[in-house]
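>>> Below are the sequence and a predicted model; questions follow.
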Amino acid sequence: MGKFKRVLLVAVLTTPLALSGCRIHQTHTWGPAETNHYTQWEHETNRNHLEWERRSDADQKAYWEWRDRHHD
């Protein structure tokens, strides 16, 4: 098997694994259904209440990571 075919085979086999990690963050959508979870997250993480839009990128990322571990 030529080098190009091996590289192509590896790319085909690993692409779904690489995309699965990204897909999780792409499916997050902020909406009214998140309100109760968001309030719980603020309480559990000892954060003062702040509107979602005013949260830093780091806080929003932390919320979605927490949310991934706290499914409905």
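Arrived safely, thanks for sending.

>>> going forward, measure contacts and count neighbours with C-alpha atoms only.
OK.

>>> So which elements touch whichever strand or helix holds His43?
Per DSSP states H and E: His43 is located in helix 35-44. Judged by 3 or more Cα pairs under 8 Å, 6 or more residues apart in numbering; DSSP states H and E, helix 35-44 is in contact with helix 57-69.

>>> What are the buried residues along stretch 29-37?
Within stretch 29-37, the residues scored as buried using 16 or more other Cα atoms under 10 Å are His37.

>>> Ends of that stretch, what's the gap?
End-to-end span of stretch 29-37 (Cα to Cα, to the nearest Å): 13 Å.

>>> what's the answer for stretch 32-49, then?
First-to-last residue span, stretch 32-49, Cα to Cα: 16 Å.

>>> List the contacts of it.
Residues outside stretch 32-49 that contact it (Cα atoms under 8 Å, 6 or more residues apart in numbering): Tyr63, Trp66, Arg67.

>>> Tell me which residues touch the second one, please.
Each residue near Trp66 by Cα under 8 Å, 6+ apart is listed here: Trp41.

>>> how about low-confidence regions in this structure?
For the chain, the stretches with pLDDT under 70 are 1, 4-12, 14-26, 72.
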